[in-house]
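1. sequence isn't available, so here's the structure alone:
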């Protein structure tokens, strides 16, 4: 390996920009396209090799460590020329000074992040397995604490660092083979033949070398068998990464198993809230929660935007729950799926009963309100609403919930309107009948005015009776029109008060299903 700093003509402390500038200047000078010299091509290859190492932080760190060891070997070689001086270079752990076959030139990664800033660094040295385990613990824990918080590279670099550190760091094979080979010579010269054989065996496993193989064979022939002792430190190296990965896995499990959708906002009635909390990821609850999400999606696609307003600097869209845009079968189909999922399943906090009640009430409200608007017979649907209080899947939850009072008032209203409501004609039909009768009244009134003007009393008197009959009929039509319309509006509001907006309107920023209460309350009750 060449002295790359000398090849580029820079100092060992040169910055990246200096290295790049020197490389570009020399390549321009010696590239075969510009320099016809026979040695130019070979020197250009050497320049490329030097720049590829020194411009990469990881490669440069490893190269600097190797260069330092070579410098130390050179110093030791010079010292060895003196009479009586030890000729073997001093190879040992840079932390504790230990000399054995576990020594490796290693590079540990660590990552530190904050928001969009992520820094990846490395710490290198020749360490024994004990110090390597300590370094892995130190840098892995630092990475696990400080590495995740940058986007997008924080998590990526953190995972990479944890994997590398769990494997004992980056350990370049040729350099480590050289380190262990020199260590083997040193231990042999000290007379420690067993550890010398162990170091040479590890060196040969990394890289073949005739001299090392010869010495290793000699030691084995003379009874110096390599050590085979198992060390706990090898097992400790990956533990920090495994520990951090375990914490992340637990956190991920906790997040994914945490309630989602309506279940996160559901507040059980007081008698239910004191019971044992249901288990996480209970399949039936998850299925019901998904069905509630399906119901919220239906509402989202059917609740039109009627305007916008601002609260402070926040722009909020106003939606209206327009039942004329719903298909009852679509909503009641979701309710049927919820009911089927609940059969013979425990419901300790009433969560599933709440979902079923809201789905049933919404579906039946669409049937009843739209039915009254269309003049249909809604007697069966009214009976279905009042029967919910006796439903074994709902009754216990309903009687203890905050919806019991508005539901009871709704049932009273429904029974009252059931006696007053006369099906057969839609609101549009009633309105058309009323307008036609008004037109006839106006025509009769014109004729009366004509008879009065000419003094035709007999004709006038004969037409007055018809006019009075039409007035009575028109007033009746108007009362029926207003009554049927009022029933529809009052029931629309009464149903809304029984619905949990956190179920139905979870897709919207803010919901007020009773925003039109004052307007509807001012309408006189139908007679």
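-> All right, it came through fine. The structure presented is a predicted model; accordingly, all values stated were derived computationally and were not measured.

2. residues near residue 363, how many?
-> Using other Cβ atoms under 10 Å, residue 363 has 24 other residues around it. (C-beta placed from N, C-alpha, C; glycine too.)

3. pretty sure it contacts residue 336?
-> No: between residue 363 and residue 336 there is no contact under Cβ atoms under 8 Å: 9.2 Å.

4. my guess is residue 182 contacts residue 99. True?
-> No: contact status for residue 182 versus residue 99: not in contact, 10.9 Å apart, counting by Cβ under 8 Å.

5. shared neighbours of these two, anything?
-> Listed contacts common to residue 182 and residue 99 are residue 91; contacts here mean Cβ atoms under 8 Å, 6 or more residues apart in numbering.

6. right, and the helix or strand after the host helix or strand of residue 333?
-> Using DSSP states H and E, residue 333 sits within helix 328-342. Counting by DSSP H and E, the next helix or strand C-terminal to helix 328-342 is helix 351-374.

7. what is that next one packed up against?
-> Contacts defined by 3 or more Cβ pairs under 8 Å, 6 or more residues apart in numbering; DSSP states H and E place helix 351-374 against helix 283-302, helix 328-342, helix 379-387, helix 395-400, helix 427-454, helix 457-497, helix 501-504.

8. and the angle from that helix to helix 283-302?
-> 30 degrees (axes from the mean of the first three to the mean of the last three Cα atoms, to 10 degrees).

9. what about helix 351-374, distance to the chain center?
-> Relative to the centre of its chain, helix 351-374 is centred 33 Å away, using Cα atoms, centre = their mean, to the nearest Å.

10. before we move on, what about stretch 377-387?
-> With Cα atoms, centre = their mean as the basis, stretch 377-387 stands 43 Å off its chain's centre.

11. now do that stretch, average pLDDT.
-> For stretch 377-387, mean pLDDT is 94.

12. swap in stretch 48-67?
-> The average pLDDT within stretch 48-67 is 84.

13. swap in stretch 417-437?
-> The average pLDDT within stretch 417-437 is 90.

14. start to end distance for it?
-> Using Cα to Cα, to the nearest Å, one end of stretch 417-437 lies 26 Å from the other.

15. and what of stretch 203-212?
-> End-to-end distance for stretch 203-212: 8 Å, by Cα to Cα.

16. where in this protein is pLDDT low?
-> 1-2, 72-89, 227-230, 253-261, 273-281, 304-307, 309-319, 505-521, 527 (pLDDT under 70).

17. domain ranges for it?
-> 4-79, 87-257, 323-521 (automatic domain parsing).

18. include distance to residue 264 when you put those into a markdown table, please.
-> A markdown table is the format used below for the domains of the chain (distance: least, Cβ to Cβ, whole Å):
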| stretch | distance to residue 264 |
| --- | --- |
| domain 4-79 | 45 |
| domain 87-257 | 12 |
| domain 323-521 | 9 |
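
19. and residue 265, which of these is closest to it?
-> Residue 265 sits nearest to domain 323-521 of all the domains of the chain, at 4.5 Å, using Cβ to Cβ.

20. tell me where the stretch 1-150 of the chain has strands.
-> With DSSP state E, counting those that start in this stretch, the ranges of strands along the stretch 1-150 of the chain come out as 104-114, 117-127.

21. what's the most buried one of these?
-> Stretch with highest mean neighbour count among the strands of the stretch 1-150 of the chain: strand 104-114 (a mean of 22; mean count of other Cβ atoms under 10 Å).
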